[in-house]
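**Q** Okay, here's the prediction I keep looking at, along with the sequence it came from:
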Amino acid sequence: MINSYAGLDDSAVALAAARAGADVVHTLYGRRLTRIDKGGGDFATAADVEAEKAILTVIRAARPDDAVLGEEGGQQGAAQAARQWLVDPLCGTLNYAVGNMLVAVNVALRGGAAAVADPFSGEVFCTDGERAWVRHDGADAPLAPTAATRLVDVNLDPPFPGAPGFRAVDLLADPGFVERFRPRVVSTTLALAWVAAGKRAAYVTDGRDLSGSVHFAAGIALCRAAGCVVTGVDGAPVGPAGRGLVVASDHETHRLLMSMIRNSCT
């Protein structure tokens, strides 16, 4: 059997893998799905599991020597491998389980290419680590961040490791925030792709180091390649010493948000 993924570059592998997962998520949408309890109110569905299997099939065929860290399957391959793929097969499981289509499929090579697929619009947002584009209906278009929408996604999902010093929800009570921006709560990292694409002005979430998170790695890579400003909620670079995430379409939007965040912490 011919390996149809042989010879693909890393960005094409990420795109193909994300699309394979998205096809599963789209196909299973609306069905009564088994829920797998993960504790603390979190759960996965059969769609999460099957989408991850589809993603892993692509990665294993294209890059059999690479390690993978999957949201559902955990670590596969050597943890200290030179190359590791980070996979979140269904970001927004709670949305999906209640019939909401705001979900994403995230695939990222640590420190390299990444793709975020929207199973319902058919868009796949991609980066090779330098450029960022969206593929839709077979055509590619470069991503162009802009603050024109004034829409800012604020992730309100627990846990809140920054509390009481920082709570993203406090932004919603800041008069300057509601004067300058319009809050949204998408509850999936699809919102990160939307910042890169100019559909959102910014995204804010609490958290610890998110650079190696299966949920956030693809979106962070995409936004960086698109030219967004990406930092932690304290303004520091995202990484082992950082916490949370602020992604802004431009420096002015980032400056305004950081000023509001600092005010909320005092």
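**A** Yep, it's here.

**Q** so how far is the longest helix belonging to the chain off the chain centroid?
**A** Using DSSP state H, we find that the single longest helix of the chain is helix 10-28. Mean-position distance between helix 10-28 and its chain equals 14 Å (Cα atoms, centre = their mean, to the nearest Å).

**Q** Could you do stretch 32-48 as well?
**A** 19 Å.

**Q** Report the buried residues of it.
**A** Of the residues in stretch 32-48, Leu33, Ala44, Thr45, Ala47, Asp48 count as buried by neighbour count, 16 or more other Cβ atoms under 10 Å. C-beta: built from backbone N, CA, C; applies to glycine.

**Q** Please list the outside residues in contact with it.
**A** With contacts defined as Cβ atoms under 8 Å, 6 or more residues apart in numbering, stretch 32-48 is touched by Val24, Val25, Leu28, Tyr29, Val49, Glu71, Glu72, Pro89, Leu90, Thr93, Tyr96, Ala97.

**Q** Just the buried ones from those residues, in PyMOL syntax?
**A** Buried residues within those, by 16+ other Cβ under 10 Å, are selected in PyMOL with:
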select buried, resi 24+25+28+49+71+72+89+90+93+96+97
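
**Q** Need the contacts of stretch 32-48 in a markdown table (columns: distance to Ile220).
**A** Below are those laid out as a markdown table (distance: Cβ to Cβ, whole Å):
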| residue | distance to Ile220 |
| --- | --- |
| Val24 | 24 |
| Val25 | 21 |
| Leu28 | 27 |
| Tyr29 | 27 |
| Val49 | 25 |
| Glu71 | 16 |
| Glu72 | 21 |
| Pro89 | 18 |
| Leu90 | 18 |
| Thr93 | 20 |
| Tyr96 | 22 |
| Ala97 | 26 |
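
**Q** Save the contacts of stretch 32-48 as TSV, and put in distance to Pro64 and pLDDT too.
**A** Below are these laid out as TSV (distance: Cβ to Cβ, whole Å; pLDDT from 0 to 100):
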residue	distance to Pro64	pLDDT
Val24	21	98
Val25	25	98
Leu28	27	97
Tyr29	31	96
Val49	22	96
Glu71	21	94
Glu72	20	95
Pro89	20	98
Leu90	24	98
Thr93	29	94
Tyr96	30	95
Ala97	33	93
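
**Q** Give me the subset of the buried residues of stretch 32-48 lying in strands.
**A** Ala44, Thr45 (DSSP state E).

**Q** From the buried residues of stretch 32-48, pick the one nearest Ala14.
**A** For those, the residue nearest Ala14 by Cβ to Cβ is Asp48; the value is 18.7 Å.

**Q** Grab the nearest non-local neighbour of that closest one.
**A** Leu90 (4.4 Å; Cβ to Cβ, 6 or more residues apart in numbering).

**Q** can you tell me the helix or strand for that neighbour?
**A** Of the helices and strands defined by DSSP states H and E, Leu90 is found in strand 84-91.

**Q** Next, the angle from that strand to helix 10-28.
**A** Per axes from the mean of the first three to the mean of the last three Cα atoms, to 10 degrees, the angle that strand 84-91 makes with helix 10-28 is 20 degrees.

**Q** ok, strand 84-91: who's next to it in the sheet?
**A** When pairing is defined by DSSP bridges, strand 84-91 lines up against strand 67-70 (parallel), strand 104-109 (antiparallel).

**Q** Mind checking the pLDDT average for the longest one?
**A** Okay, so that is strand 104-109. In this model, strand 104-109 has a mean pLDDT of 98.

**Q** in it, what's buried?
**A** By 16+ other Cβ under 10 Å, the buried positions in strand 104-109 come out as Ala104, Val105, Asn106, Val107, Ala108, Leu109.

**Q** rewinding a little: verify the stated contact: the residue nearest to Asp48 with Val103.
**A** Yes. Counting by Cβ atoms under 8 Å, Leu90 does reach Val103; the two are 5.9 Å apart.
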